[in-house]
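Student: Pasting a predicted model and its sequence here:
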Amino acid sequence: MKNQTNLKGKKNFVFNIDAALDQAIKYHISGNIQQAAEVYAEILHHDPDNAYAIHSIGILALQGGNNELALSYIKKAIEINPEDPVFHNNLGLAFRNLGKSENALKHFQRATCLDSNYAEAYHNAGNMLKDLCRPREAVEFQNKAIELRPDYIEAHFNRSVALLLLENFKDGLEEYEWRRHLKALKSLEFAQPLWDGSDLSGKTILLHAEQGLGDTIQFIRYAKVAKESGATVIAAAQDPLTTLLKSCAYVTSVISLKDNFPDFDLQAPLMSLPWILNEKPSSILAEIPYIKADSELVKQWHARLGENNNFKIGLCWQASFLYEKNHQRKTISSKSIPLRDFYPLSKMDGIKLYSLQKGVPTEQLENMPGDFILHDFGPDFDDNHGPFMDSAAVMENLDLVITIDTSIAHLAGALGVPVWVMLPYVPDWRWFLEKNISPWYPTMRLFRQGETRDWNAVIKEVIGALSNIMKTKLGAKQVSPSSGTGKKIQTSVKVEVSIGEFIDKLVILKIKAERITDPLKLGNVRTELEILQSMYEKQISKSVKLDGLIEELWKVNNKLWDTEDALRKEELHKRYDQNFIELARSVYFTNDHRANIKRKINELLGSHIIEEKSYTAY
């Protein structure tokens, strides 16, 4: 029977609610929002408990950005009809927009329970799980969405992000190619074929930028592979990067994405290169620096900053909010930090803070306390010589860059200067999870928000790490009273060692920083690593050959760690079988290989201290 009601005052006229709802939906879909709203209201005048009309008004509010109003209407619709999966999915969207991820997840999951074929609800639940830093579960929900809809572009893309966050490059990089079908991330298309990683001798390849400026700075490193394969490499980049990228030795020429492109044989989007080259998290191409500051500008800024004993720190606290999409603005907001939170940092003795921030965020300086001193380079910074050119030159004159996840972080990493990056609880996939060092940038250290998403805790950790460096720099001796004597005990000593031994120690500390989870132990490791990394950057001459030897040390020391763990497990269970014997034997074989690598490093760098070992032959 038709859902209908008599309209009072109009003889023989019957209001057909189903027909009105169909008409309202047609208005809604075609964009006639005002007419749709009027018809929905008329339906509710005749049928106040019509869940579909109530839900539809909630959708109008949702689409108009009034999420609180949407929440109230859709909740009311669910009270009337609690078993409609679409209602729950859309309530989840309203909660998501309000930043209430747990509530959103609950309703997305409820939608999948009510309709096991609801691909969109599985996709939305997967996104919420990723936003809650639960990427493994996120992958499972995206798998289900894709099973239901194999060509679901957004689900493929979001699955790739979760996989990459888990360091699953094998599956994640291939899935990440689905981004090229997204309207928001669509890269340029050409008649020329996509490079497949094969030999490029005598050919010209166009490497074209996509997404953000930091992405371009990060992935231009792979031009090295193209050049070493014999190619002429043309880089097409965003306008603000065209001058900076000319300093990259792997690029033959740099043009703007807006320019007319010269002739070329093959092409590749920059962010497809890790997939094309079969990149792995354990062996990421990280030869730095691959971008260089202008030497004359470095000299000019050296003179301008002056000679002093202060520890010079460049600070960047906010990313650009110039994005149209709501989800982009939310991402920027989650990784930006109010300048006032850095006030405790400014009170440390012996440091001097410089702003590497551009544009609107510098207005926050006006609202800071009078004793907060942050040196701003003025409105012409990075204008007269081109974007990022002054920033790069200044960074070369600083002791440290402290920044959020933005293009400044990538620039500092590409230059090979010491940089600390503060990351939100749910980071971009390239920073992975838990690591405090970055395989992309050897001079980078990562500081992460905890589950409470509290930036103050991150800044306290930064101040603690910085205090340890300052104690070393200022020559402060760490002392503590000895028991009962009243004398002081020096708690650190300086001793000369071979370069091979020094680098081996540095590699082991980096492995410990990745593997140790105990907060107290990890803090001690980070302190020692920070000191040694700083010495390495200042005193060791880098080369491709040295990088190769360090990579061998990394593999050997990781193998020793795994072997020691395996031996301890056997010891725990008192299993002294053939496997135990082989593990034990492998320790001295591996240690001999390690000693040989250290000797090669000593010989390569001319260390006047050479370690010697002598054991019974086997």
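Tutor: Okay, I see it.
Student: need the contact list for the closest residue to residue 236 other than its chain neighbours.
Tutor: Closest residue in space to residue 236, ignoring its immediate chain neighbours: residue 208 at 4.3 Å, by Cβ to Cβ, 6 or more residues apart in numbering. Using the backbone N, CA and C atoms, a C-beta is placed for each residue, glycine as well. Counting by Cβ atoms under 8 Å, 6 or more residues apart in numbering, residue 208 makes contact with 187-188, 235-236, 257, 267-270.
Student: Could you confirm residue 408 falls within a strand?
Tutor: No - with DSSP: H, G, I helix; E, B strand; the rest coil as the criterion, residue 408 is helix rather than part of a strand.
Student: Ramachandran coordinates for the residue lying closest to it once chain neighbours are set aside?
Tutor: Nearest residue to residue 408, sequence neighbours excluded (Cβ to Cβ, 6+ apart): residue 316, at 4.3 Å. According to degrees, to the nearest 10, the main-chain angles of residue 316 amount to phi -140, psi 120.
Student: With residue 515 instead?
Tutor: phi -100, psi -30.
Student: shouldn't it be in contact with residue 561?
Tutor: Yes - assessed by Cβ atoms under 8 Å, residue 515 is found in contact with residue 561 at 6.9 Å.
Student: Let's verify residue 571: helix, strand, or coil?
Tutor: Following three-state DSSP, we place residue 571 in the helix state.
Student: Burial check on it, number of neighbours?
Tutor: 11 (other Cβ atoms under 10 Å).
Student: now swap in the one 10 residues further on and tell me
Tutor: Around residue 581 sit 11 other residues, with neighbours defined as other Cβ under 10 Å.
Student: Check the spacing between it and residue 564 real quick.
Tutor: Remark: distance between residue 581 and residue 564 (Cβ to Cβ, to the nearest Å) = 15 Å.
Student: just checking, which of the contacts of residue 208 belong to strands?
Tutor: Mapping the contacts of residue 208 onto strands (DSSP state E) picks out 235-236, 267-269.
Student: Residue 309: which of those is nearest?
Tutor: Compare each of the ones in strands among the contacts of residue 208 with residue 309 using Cβ to Cβ and the shortest gap goes to residue 235, at 40.3 Å.
Student: Point out where the protein drops to low pLDDT.
Tutor: 1-15, 320-332, 359-362, 473-493, 517-520, 522-523, 614-618 (pLDDT under 70).
Student: In space, what's closest to the residue nearest the centre of it - neighbours in sequence excluded?
Tutor: Nearest to the mean C-alpha position of the chain, by Cα atoms, centre = their mean, lies residue 428 at 3.2 Å. In this structure, residue 428 finds its nearest non-sequential neighbour in residue 405, 6.1 Å apart by Cβ to Cβ, 6+ apart.
Student: Now do the same contact list for that neighbour.
Tutor: Residue 405 makes contact with 214, 319, 335, 421-424, 427-428, 431 under the criterion Cβ under 8 Å, 6+ apart.
Student: Go again with 7 Å.
Tutor: Each residue near residue 405 by Cβ atoms under 7 Å, 6 or more residues apart in numbering is listed here: 335, 421, 423, 427-428.
Student: export the residues you listed to JSON lines and tack on distance to residue 400 and secondary structure?
Tutor: Putting the contacts of residue 405 into JSON lines (distance: Cβ to Cβ, whole Å; DSSP: H, G, I helix; E, B strand; the rest coil) gives the following:
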{"residue": "335", "distance to residue 400": "19", "secondary structure": "helix"}
{"residue": "421", "distance to residue 400": "11", "secondary structure": "strand"}
{"residue": "423", "distance to residue 400": "17", "secondary structure": "strand"}
{"residue": "427", "distance to residue 400": "21", "secondary structure": "coil"}
{"residue": "428", "distance to residue 400": "22", "secondary structure": "coil"}
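Student: any idea which of these is closest to residue 291?
Tutor: Nearest to residue 291, judged by Cβ to Cβ, of the contacts of residue 405 is residue 421 at 16.9 Å.
Student: Might you report the residue contacts of that closest one?
Tutor: Residue 421 neighbours (Cβ under 7 Å, 6+ apart): 403, 405, 409, 444, 446.
Student: ok, residues contacting whichever strand or helix holds residue 45?
Tutor: Here residue 45, judged by DSSP states H and E, is contained in helix 33-46. Helix 33-46 is contacted from outside by 5, 15, 17, 20-21, 23-24, 27-28, 50, 53-54, 56-57, 60, using Cβ under 7 Å, 6+ apart.
Student: now swap in stretch 148-157 and tell me
Tutor: For stretch 148-157, the external contacting residues (Cβ under 7 Å, 6+ apart) are 117, 119, 122-123, 142, 145-146, 175, 178-179, 181-182.
Student: The stretch 351-500 of the chain: strands as residue ranges?
Tutor: Ranges of strands within the stretch 351-500 of the chain are 351-355, 400-404, 419-423, 444-448, 479-481, 488-490, based on DSSP state E, counting those that start in this stretch.
Student: what does the second one contact?
Tutor: For strand 400-404, contacts defined as Cβ under 7 Å, 6+ apart pick out 313-319, 335-337, 356, 395, 408-409, 412, 417-422, 462.
Student: How about stretch 434-450?
Tutor: Contacts with stretch 434-450, where a contact means Cβ under 7 Å, 6+ apart, come from 218, 281, 284, 286, 288, 413, 416-425, 430-431, 455, 457-458, 461-462, 510, 513-514, 526, 537.
Student: just the buried members of those?
Tutor: The neighbour-count criterion (16 or more other Cβ atoms under 10 Å) marks 218, 281, 286, 288, 413, 416-425, 430-431, 455, 458, 461-462, 510, 513-514, 526 among the contacts of stretch 434-450 as buried.
Student: Kind regards, and thank you for your time.
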